[in-house]
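Asker: coordinates only, sequence not included:
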């Protein structure tokens, strides 16, 4: 199927009447996971990943999206106002330099422009409004079972992806147990500081939005702020409980030793089990290989969590 034909199929108002296509509701996207097959531009240029499992997209039922882009990881929000329509909020991602030939940067850049979707032949197609690109995904069928966490399967061949999946589920449970959440006031302060910090960056893109789209962007900004604030609070709580060393990360300080001690405790309690033993060593290496991280100076770790990121600097 060419990019031009898919773009027509995905255009709002046309999708529902297309012969041979059965529109699906957002409820059928929620809880699904996909891996990238290719990205096709309007000039029929096709970019194919060297390994589909390195580029994944997961639609969480709570409206958040988890993204793997080769050596980078991203997170954002997704929303579907009506059948066939789909938008993603700003994607917060790592910015590691992936090996030559990686599609990481091109893949991550697509999400802010996605406006519609369709399912056909078991594949998911996303269409963008910027350059008319079509992003095609396939289900991760046949991907081996790597771990089970809180009764949920984690299917992947990538240790980093497995680690993120295990942490995400355990953090959700931990936050619920400790009543950790971001308040509306904290979110508003965070967004205000963010806008003052970025100045005019992105103003051109904002001006091109309709009032409805601008309102959605504001909602997505709040979702992103909520996620960052919540994770900072989780990290602060874990550091207070387990102590240890703290490392610098793009989205804030990360209590590395606390993560490891928390995971060891959870594993002993049976909260998660790693079934793929070939990935287990790499899973734990993240927490034991000091050469991979930049640490807070010894004795200054507690200061990492003194001032919340939503307070004006």
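Answerer: Cool, the structure landed. Please read all numbers here as calculations on a predicted model, not as lab measurements.

Asker: what about residue 306, distance to residue 163?
Answerer: Using Cβ to Cβ, to the nearest Å, residue 306 is found at 28 Å from residue 163. (Each C-beta comes from the backbone N, C-alpha and C, glycine too.)

Asker: please apply the same query to residue 52.
Answerer: In this structure, residue 52 and residue 163 are separated by 20 Å, where distance is defined by Cβ to Cβ.

Asker: higher neighbour count, those two?
Answerer: Ranked by neighbour count (other Cβ atoms under 10 Å), residue 52 and residue 163 place residue 163 first, with 24 against 17.

Asker: what sits against the closest residue to the more buried one other than its chain neighbours?
Answerer: The shortest distance from residue 163 to any non-neighbouring residue, by Cβ to Cβ, 6 or more residues apart in numbering, is to residue 283 (5.4 Å). Taking Cβ atoms under 8 Å, 6 or more residues apart in numbering, we find residue 283 in contact with 159, 162, 163, 166, 274.

Asker: in helices only, show me these.
Answerer: Among the contacts of residue 283, the ones falling in helices (DSSP state H) are 159, 162, 163, 166.

Asker: which parts of the lengthiest helix in the chain are buried?
Answerer: Here the longest helix in the chain is taken by residue count, with DSSP H as the criterion, and it is helix 211-242. Burial within helix 211-242, assessed by neighbour count using 16 or more other Cβ atoms under 10 Å, is assigned to 216-217, 220-239, 242.

Asker: likewise for stretch 91-106?
Answerer: Across stretch 91-106, burial judged by 16+ other Cβ under 10 Å covers 91, 92, 93, 102, 103, 104.

Asker: tell me the domain ranges of this protein?
Answerer: The chain resolves into domains spanning 3-138, 145-305 when parsed by automatic domain parsing.

Asker: end to end, how far does the last one reach?
Answerer: Spelled out, it's domain 145-305. For domain 145-305, the first-to-last residue distance is 36 Å (Cα to Cα, to the nearest Å).

Asker: so for stretch 45-65, mean pLDDT?
Answerer: Per-residue pLDDT values over stretch 45-65 give a mean of 90.

Asker: kindly check the end-to-end length of it for me.
Answerer: For stretch 45-65, the separation between the terminal residues is 27 Å (Cα to Cα).

Asker: how far away from the center of its chain is that stretch?
Answerer: Offset of stretch 45-65 from its chain centre (Cα atoms, centre = their mean, to the nearest Å): 10 Å.

Asker: also stretch 275-283?
Answerer: 22 Å.

Asker: got it, and stretch 280-287?
Answerer: Here stretch 280-287 is found 21 Å from its chain centre; the criterion is Cα atoms, centre = their mean.

Asker: in that stretch, what's buried?
Answerer: Within stretch 280-287, the residues that count as buried by 16+ other Cβ under 10 Å are 283, 284, 287.

Asker: burial measure for residue 86, as a count.
Answerer: The number of residues packed around residue 86, counting by other Cβ under 10 Å, is 21.

Asker: do residue 30 as well
Answerer: Residue neighbour count, defined by other Cβ under 10 Å, stands at 14 for residue 30.

Asker: so the closest residue to it other than its chain neighbours, which state does it fall into?
Answerer: Spatially, and ignoring its direct neighbours in sequence, residue 30 is nearest to residue 61 (4.4 Å; Cβ to Cβ, 6+ apart). Secondary structure of residue 61, reduced to three states by DSSP: H, G, I helix; E, B strand; the rest coil: coil.

Asker: I'd say residue 61 and residue 29 touch.
Answerer: No: with the criterion set as Cβ atoms under 8 Å, residue 61 and residue 29 do not qualify as a contacting pair; they are 9.6 Å apart.

Asker: those two: which is more packed in?
Answerer: residue 29 (19 against 10).

Asker: what about the nearest residue to residue 284 once chain neighbours are set aside, how many residues nearby?
Answerer: By the measure of Cβ to Cβ, 6+ apart, the closest residue to residue 284 outside its immediate chain neighbours is residue 260, 7.7 Å from it. When counting by other Cβ under 10 Å, one arrives at 17 neighbours for residue 260.
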